[in-house]
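> Generate coordinates for the sequence data below:
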Amino acid sequence: MTIASRRYGFFAGSFFITLLLYIDRVCISSAKEAISTDLTLTDIEMGWVLSAFALGYALFQVPGGALGDKFGVRKVMTIIMITWSLFTSLTGAAWNYVSMLCFRFIFGAGEAGAFPNISRAAFSWVPLKERGIFQGINFSGSRLGAAFALPLVAYLIDAWGWRTIFYFFGAIGIVIALLFYWMFRNTPEEHNAISEKEKQYIIENRQKEKISDNKGVSIKQILSSKNVLFAMGQYIGSNFIFFFTLTWLFPYIKQKYGLNLVDAGFYAMVPLLAGALGNWVSGFMVDVIYKKGKWKLSRRVPAITGFIFVIIGIISSLYMNTPLGAVLCISIAIFGADMTLSPSWSFCMDIGQENSGKVSGMMNMAGNLGAFATALAFPYLQEWTGSNDPFFYTAAVLAGVAIIFWLNMNPDKTVVND
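This next block holds a predicted model:
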């Protein structure tokens, strides 16, 4: 029996939302030199500007996810998209260091609930056996958005100036938010474009929601789960190195190897393309292993393999003397880091179920505290030690710790029962 696949429209929609989300996020990396010159900011001050986004993003993960759980993804996600788009535009209006810090913090807070709400929507829309590939598609959009934004924004800065770039992408985001509200529904049961046959297929094959008095699980209960704590810890290791590619990789290779703006943009996009591939490979692995009846291994194997690649790539990059060699090694690390995303977010849906928004928000909050540390650790370690090597060794150690955490994570043990 052939089942129509209108649900893949949800897959495509989440792909394009994450594409836009990361285009808006990574613009500041390409514009770093122009912003620093215009606003007379030092590298340490730019580190705080970059970390302001990560801090706002981290702190509002759980509230953003909880709002989606309570009020529905359609309304909450629309507000989230409008908020982040508005503050993308306001970034272009910043007039000094303090205003830039404030705008980037609120921009991060605005983006914060996006992935937890997509995760919550996926709990209703995605059959359990398609969870891995959905997450692979979803996160590959973010990597492709960031990858193509780096050289594109570098080119447009020369043509339009850095302020106009932020106005432009902010306006696009508001239009996309309105389209999302018009086209999306919280569940397939509410969507008129989905056939009854496909609705029944989704209902029968998605993870079953357990209706109980524990549905409104508290933050305290979530944090009492060892599964959640391990998920949070390993995600710090994943985000620590990945956030480097969104923030400091572009200026790092531009300055170290004397590249021009556009060439640096093309080099910096390569690890992000590798990340997109890592998402697809990992998503495929998650589903293939799960269909063999090995639920626990379907989460552990892709994630642990990914963190091994992180360690190999990061350490190897320290021995490269050319921009191409360094970028290729970092690409191996980012391929590995992004292999951890599909199992991580699938794991949050496994253990969170109807509380997936809160649980995934908690994990993403921890991961982005790691990103906050990245944005500051890179310039401060450089200033303190006179070398970039300690930063990369730190990233490798965090990846090793993450492997230990994954060996102790069990997707069959929900937050309510843990």
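> ok, now how distant is R143 from Q353?
The spacing between R143 and Q353, counted by CB to CB, to the nearest Å, is 28 Å. All C-beta atoms are positioned from the backbone trio N, CA, C, and that covers glycine.
> So for these two, which sits in the more crowded spot?
Taking other CB atoms under 10 Å, R143 and Q353 do not tie; R143 has more neighbours (30 against 19).
> check contacts around the more buried one.
22, 272-273, 275-276, 279, 338 (CB atoms under 8 Å, 6 or more residues apart in numbering).
> okay, now N192: neighbour count?
5.
> Over to it: give its phi and psi.
Per-residue torsions, N192: phi -70, psi -20 (degrees, to the nearest 10).
> in the protein, what spans have low per-residue confidence?
For the chain, residues meeting the criterion pLDDT under 70 lie at 1-4, 208-216, 417-418.
> Could you rerun that using 80?
Counting by pLDDT under 80, the chain has low-confidence residues at 1-6, 131-132, 135, 139, 207-217, 219, 354-357, 416-418.
> what are the ranges of the helices in the stretch 301-418 of the chain?
Taking DSSP state H, counting those that start in this stretch as the criterion, the stretch 301-418 of the chain contains helices spanning 323-339, 341-352, 356-385, 389-406.
> among those helices, which is nearest Y201?
Closest to Y201 of the helices of the stretch 301-418 of the chain is helix 341-352 (CB to CB; 18.4 Å).
> Could you give me the PyMOL syntax to select whichever of the contacts of R143 are buried?
Selection of the buried residues among the contacts of R143 in PyMOL, burial being defined by 16 or more other CB atoms under 10 Å:
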select buried, resi 22+272+273+275+276+279+338
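> among the helices of the stretch 301-418 of the chain, which is the most enclosed?
helix 341-352 (a mean of 30; mean count of other CB atoms under 10 Å).
> And it, how far out from the chain middle?
Relative to its chain's centre, helix 341-352 lies at 13 Å (CA atoms, centre = their mean, to the nearest Å).
> Other residues contacting that helix?
Residues from elsewhere that reach helix 341-352, judged by CB under 8 Å, 6+ apart: 115, 119, 122-123, 131-132, 135-136, 138-139, 207, 225, 227-228, 231, 234-235, 238, 279, 282-283, 286, 295, 298-300, 302-303, 356, 358-360, 363, 409, 411-415, 418.
> Helix 389-406 and that one, what's the angle between them?
Relative orientation of helix 341-352 and helix 389-406, computed by axes from the mean of the first three to the mean of the last three CA atoms, to 10 degrees: 40 degrees.
> by how many degrees do helix 341-352 and helix 356-385 diverge?
Using the same axes, to 10 degrees: helix 341-352 against helix 356-385 is 130 degrees.
> got the buried residues for stretch 110-130?
Neighbour-count burial for stretch 110-130 flags 110-128, 130 (criterion: 16+ other CB under 10 Å).
> From those, which land in strands?
Assigned to strands by DSSP state E, none of the buried residues of stretch 110-130 qualify.
> Among these, which ones are in helices?
110-111, 114-125 (DSSP state H).
> Looking at these, spot the one nearest S14.
Set against S14, the nearest of those by CB to CB is I118 (5.1 Å).
> any idea which helix or strand carries the nearest residue in space to that closest one that is not next to it in sequence?
Nearest non-adjacent residue to I118, counting by CB to CB, 6 or more residues apart in numbering: S14, 5.1 Å away. Using DSSP states H and E, S14 maps to helix 8-30.
> tell me the angle that helix makes with helix 114-125.
Angle, helix 8-30 to helix 114-125, by the same axes, to 10 degrees: 170 degrees.
> Show me what the very next helix or strand once past helix 8-30 is packed against.
Where DSSP H and E defines the elements, the next helix or strand beyond helix 8-30 is helix 32-39. Contacting helix 32-39 under the criterion 3 or more CB pairs under 8 Å, 6 or more residues apart in numbering; DSSP states H and E are the following elements: helix 43-59, helix 97-111, helix 162-183, helix 249-256.
> Now the last one: buried residues?
Along helix 249-256, the positions that meet the burial threshold by neighbour count (16+ other CB under 10 Å) are 249-254.
> which ones are touching A377?
A377 makes contact with 391, 394, according to CB under 8 Å, 6+ apart.
> do F184 as well
So F184 contacts 10, 13, 73-74, 77, 121 (CB under 8 Å, 6+ apart).
> With distance to Y393 as new columns, can these be given to me in CSV?
Below are the contacts of F184 laid out as CSV (distance: CB to CB, whole Å):
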residue, distance to Y393
F10, 41
G13, 40
V73, 40
R74, 45
M77, 39
A121, 39
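> Out of the residues you listed, which is nearest to Y380?
For these, the minimum distance to Y380 (CB to CB) is 35.5 Å, reached by M77.
> which residue packs closest to that closest one, ignoring adjacent ones?
Counting by CB to CB, 6+ apart, M77 lies nearest to N117, which is 4.8 Å off, once chain neighbours are set aside.
> State the distance from G313 to P323.
From G313 to P323 the distance is 15 Å (CB to CB).
> Check F250 too.
Taking CB to CB as the measure, F250 falls 12 Å from P323.
> hang on, V301 packs against M285?
Yes. Between V301 and M285 a contact is recorded at 6.7 Å, counting by CB atoms under 8 Å.
> residues in contact with the closest residue to F10 other than its chain neighbours?
Nearest non-adjacent residue to F10, counting by CB to CB, 6+ apart: W125, 4.9 Å away. Going by CB under 8 Å, 6+ apart, W125 touches 7, 10, 187-188, 202, 206.
> what two of these have the greatest distance between them?
F10 and R206 (12.0 Å).
> list the residues that contact both of the two?
Shared contacts of F10 and R206 (CB under 8 Å, 6+ apart): 125-126.
> what's next to stretch 254-266, contact-wise?
Residues outside stretch 254-266 that contact it (CB under 8 Å, 6+ apart) are 30, 33, 150-155, 157-158, 250-251, 253, 267, 322-323.
> Which of the residues you listed sits closest to G173?
Each of the contacts of stretch 254-266 was checked against G173 using CB to CB; the closest is V153, at 14.8 Å.
> Count the neighbours of the closest one for me.
By the criterion of other CB under 10 Å, V153 has 26 neighbours.
> you'd agree it is up against F168?
No. Using CB under 8 Å as the test, V153 is too far from F168 to be in contact (9.9 Å).
> Looking at the ones in helices among the buried residues of stretch 110-130, which one is closest to I332?
For these, the nearest to I332 is F115 (24.5 Å; CB to CB).
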